[in-house]
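# A structural model of the following input is requested.
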Amino acid sequence: MKVYCTAEFKAKEGREEELFNALKKLEKPTHEEKGCVQYIVMKKIKNKFAEGSHFGILLNEIWANKEAFEEHCQMPYIADFFESQCISDTGSAQEWNVNLLQ
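Model (predicted):
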């Protein structure tokens, strides 16, 4: 059964492009993973018809099943991204929110 992941990221002040580009680099290797159906990195744009709150950068993922998603999360390049950009004090992410849906 397919699973869907949405992950929001809020960049530290003045580091939006750095964070966006770091996430964009994950697209190519992720698309090559077994079980990846969709993996798209997007950023919020201003529009008077879409004024909801948001962290600013979104990952929209579709995986063949929960096991494929869990394998993805353990890939070295994903673990490295979270360590260097989210957990490290020198990273570009201020906040993040990852959700898995069915």
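# Stretch 22-42 - what's its average pLDDT?
Average pLDDT, stretch 22-42: 98.
# Extract the C-alpha trace of it and format it as CSV.
Only the C-alpha atoms of stretch 22-42 are listed here, as CSV (Å, rounded to 0.1, in the frame of the first residue of the first chain):
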residue,chain,number,x,y,z
ALA,A,22,20.5,21.2,-0.2
LEU,A,23,17.1,19.6,-0.5
LYS,A,24,17.0,19.8,-4.3
LYS,A,25,20.3,17.8,-4.3
LEU,A,26,18.4,14.9,-2.7
GLU,A,27,15.9,14.6,-5.6
LYS,A,28,18.1,12.7,-8.1
PRO,A,29,19.5,9.9,-5.8
THR,A,30,16.0,9.5,-4.2
HIS,A,31,14.3,9.1,-7.6
GLU,A,32,16.8,6.2,-8.2
GLU,A,33,15.7,4.4,-5.0
LYS,A,34,13.5,1.3,-5.3
GLY,A,35,10.0,2.2,-4.1
CYS,A,36,10.2,5.9,-4.9
VAL,A,37,7.1,6.9,-6.8
GLN,A,38,7.5,10.7,-6.4
TYR,A,39,9.9,13.0,-4.6
ILE,A,40,9.5,16.7,-5.3
VAL,A,41,11.0,19.7,-3.5
MET,A,42,9.0,22.9,-3.7
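# how far is it from where the chain is centred?
Between the centre of stretch 22-42 and the centre of its chain there are 9 Å (CA atoms, centre = their mean, to the nearest Å).
# what comes up buried for it?
22, 23, 26, 30, 33, 35, 36, 39, 41 (16 or more other CB atoms under 10 Å). Just so you know, the C-beta spots here come from the backbone N, C-alpha and C atoms, and that holds for glycine as well.
# And for stretch 63-74?
63, 68, 69, 71, 72.
# Show me the contact partners of it.
The contact list for stretch 63-74, computed with CB atoms under 8 Å, 6 or more residues apart in numbering, reads 1-5, 30, 33-37, 61, 78-79, 100.
# can you give me the helices for the protein?
Remark: helices assigned in the chain by DSSP state H are 16-24, 27-31, 66-73, 76-81.
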